[in-house]
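# how would this look folded up:
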Amino acid sequence: MKVHFIAIGGSAMHNLAIALSRKGTDVTGSDDEIFEPSRTRLERQGILPETIGWDEQRITSDLDAVILGMHAREDNPELIRAKELSIPIYSYPEYLYEQSKHKIRVVIGGSHGKTTITSMLLHVVNKLGVNVDYMVGAQLEGYDCMVKLSDDAPIMILEGDEYLSSPIDRRPKFHLYQPDIAIISGIAWDHINVFPTFENYVEQFDIFCACIAENGVLVCNQEDEEVRLLGEKHNGRLSIKPYQTPTFRVTEMGSQVELNGEWFDWKIFGAHNLQNAMGALELAAAIGIKPGDFMSAMQDFTGAGKRLQKVVETKEFVLFKDFAHSPSKLKATTKAVKEQYPDRHVIACMELHTFSSLQKNFLPHYSGSMQAADEALVYFSPAVVAHKKLPELTKDEIQNAFGDEVNVVDSTQDVLSFIRKHDLHNSVLLMMSSGTFDGIDYDQLGEEVKAAIANS
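Predicted structure coming up:
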């Protein structure tokens, strides 16, 4: 098999390319820019393009398939050449389906919690020795590639993103996997550049449910009204498995979680995190894992990468980084941290970085989302707003949307000044973004705070 990747440097694309190469496929690729860590990983696998840029000469008639990344454009010369030669063209979700169509497919969908639930399920199946293939959209600790493809694994676990599949396939990715078992963790309007109304966004999850195999399993978060209604609608054709936040206690090390009268000590915390775990438990049960075995296997799970990930911890100070950027996740994350550290001063900083979050008509959804923090800051970059070709935003507009409890700044230096002005004894600093606040090194910041506390 010979497969060529157009836009090989993407987060998901380079992982799929590596997985196919490891499986024995002859992989080539191209891109107009390749950043770290994609560059090093592709180079290590021996499939890094020799030159940057597009070249239609790379597209030859002996190719079995071309995989097209979302980063490419419809007028890409390599894509045009592939069409001229009638080479099969796939988006990466289409190709993942092709690689797993004879397996049991487990798809994790939802506006938030997808990576966390996927990582929980992978943790448990690995601990219990269950052979699975997988695709995860984020980098998890302990993995050098977030796609695994094999001939012998009977199950494929797929994180189901609702964003578009490719420049020439405008269907949401999770519509293409045709799961046997699926979950919807929650529905909170996102990707408003593609789904202009909340109703249109919810419809994508309805279609997702219709894509689940006849008599398949749909795991539904009962604490989300839209998800509950979808479960009721599809009940009968599908086997509906409801879940909700378990009974739990906050502990110094994390949480104690109850199941059928038995208590389990876990290292993770926060109602939202534990709710996700119950969804993962139902998915595990659907592939034959006993609930008690799931609960025991979760006892050493410490969390998904960049999801409430501890950067620094001392007796007096903790620094977390988190991927939270949507209003619902922002609210759940700050609330979880304050509940876990009720006697500490919680300082929450978030960056408006995604296309949706920087839209004026979306900003009001953030109202009150950081109330649980003792102090809160919102950062946005006017340069990023301009780069995304969005209307200018002002500090006042953001302030009015979030509420008076937040401070709004538009420079990285102002973020650091805000943090440094505080006495951080007995405190928790929570940094939330799908970016990096335009260059803040969290490890360096954590060490700086530790030194400041030690010297004061």
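# what bridges to residue 132?
residue 155 (DSSP bridges).
# so it sits right up against residue 125, yeah?
Yes. Taking contacts as CB atoms under 8 Å, residue 132 lies within contact range of residue 125: 5.2 Å. The way it works is simple: take the backbone N, C-alpha and C, and place the C-beta from them, glycine included.
# between these two, what contacts are shared?
Here residue 132 and residue 125 share the contacting residues 155, 157, scored by CB atoms under 8 Å, 6 or more residues apart in numbering.
# which one of the two has more residues nearby?
Here residue 132 and residue 125 are compared on neighbour count by other CB atoms under 10 Å; more neighbours surround residue 125, at 22 against 19.
# the host helix or strand of that one: how far from the chain's middle?
Assigned by DSSP states H and E, residue 125 belongs to helix 114-127. Here helix 114-127 is found 13 Å from its chain centre; the criterion is CA atoms, centre = their mean, to the nearest Å.
# give me the longest helix you can find in the protein.
The residue-count maximum for a helix in the chain (DSSP state H) belongs to helix 271-286.
# quick one: list the elements packing against that one.
Packing partners of helix 271-286 (3 or more CB pairs under 8 Å, 6 or more residues apart in numbering; DSSP states H and E): strand 104-109, helix 114-127, strand 181-184, strand 217-221, strand 239-243, strand 255-259, helix 291-297, helix 327-340.
# relative to residue 9, which of the ones you listed is closest?
Closest approach to residue 9 among the helices and strands packed on helix 271-286 is made by helix 114-127 (20.3 Å; CB to CB).
# residues of the closest one that come out buried?
Across helix 114-127, burial judged by 16 or more other CB atoms under 10 Å covers 114-125, 127.
# grab the nearest non-local neighbour of the one residue sitting closest to the centre of the chain.
Residue closest to the mean C-alpha point of the chain, counted by CA atoms, centre = their mean, is residue 115 at 4.5 Å. Nearest residue to residue 115, sequence neighbours excluded (CB to CB, 6 or more residues apart in numbering): residue 138, at 4.6 Å.
# ok so the one you found is a helix residue?
No. Judged by DSSP: H, G, I helix; E, B strand; the rest coil, residue 138 forms no part of a helix; its state is coil.
# and residue 447, backbone torsions?
Backbone dihedrals for residue 447, given as degrees, to the nearest 10, come out at phi -70, psi -40.
# same deal with the one 3 residues further on?
For residue 450, the backbone dihedrals (degrees, to the nearest 10) come out as phi -60, psi -40.
# so who does it touch?
Contacts for residue 450 (CB under 8 Å, 6+ apart) come out as 312, 314, 317.
# cutoff 10 Å now
Applying CB atoms under 10 Å, 6 or more residues apart in numbering, we find residue 450 in contact with 312-314, 316-317, 319, 424.
# relative to residue 425, how far out is it?
11 Å (CB to CB, to the nearest Å).
# which neighbours do those two share?
Among the neighbours of residue 450, those also in contact with residue 425 (CB under 10 Å, 6+ apart) are 316-317.
# that older thread, by neighbour count, which of the contacts of residue 450 wins?
residue 319 (25 neighbours).
# where does pLDDT dip in the stretch 151-300 of the chain?
The model of the stretch 151-300 of the chain has no residue with pLDDT under 70.
# try it again with 80
For the stretch 151-300 of the chain, applying pLDDT under 80 flags the ranges 190, 193.
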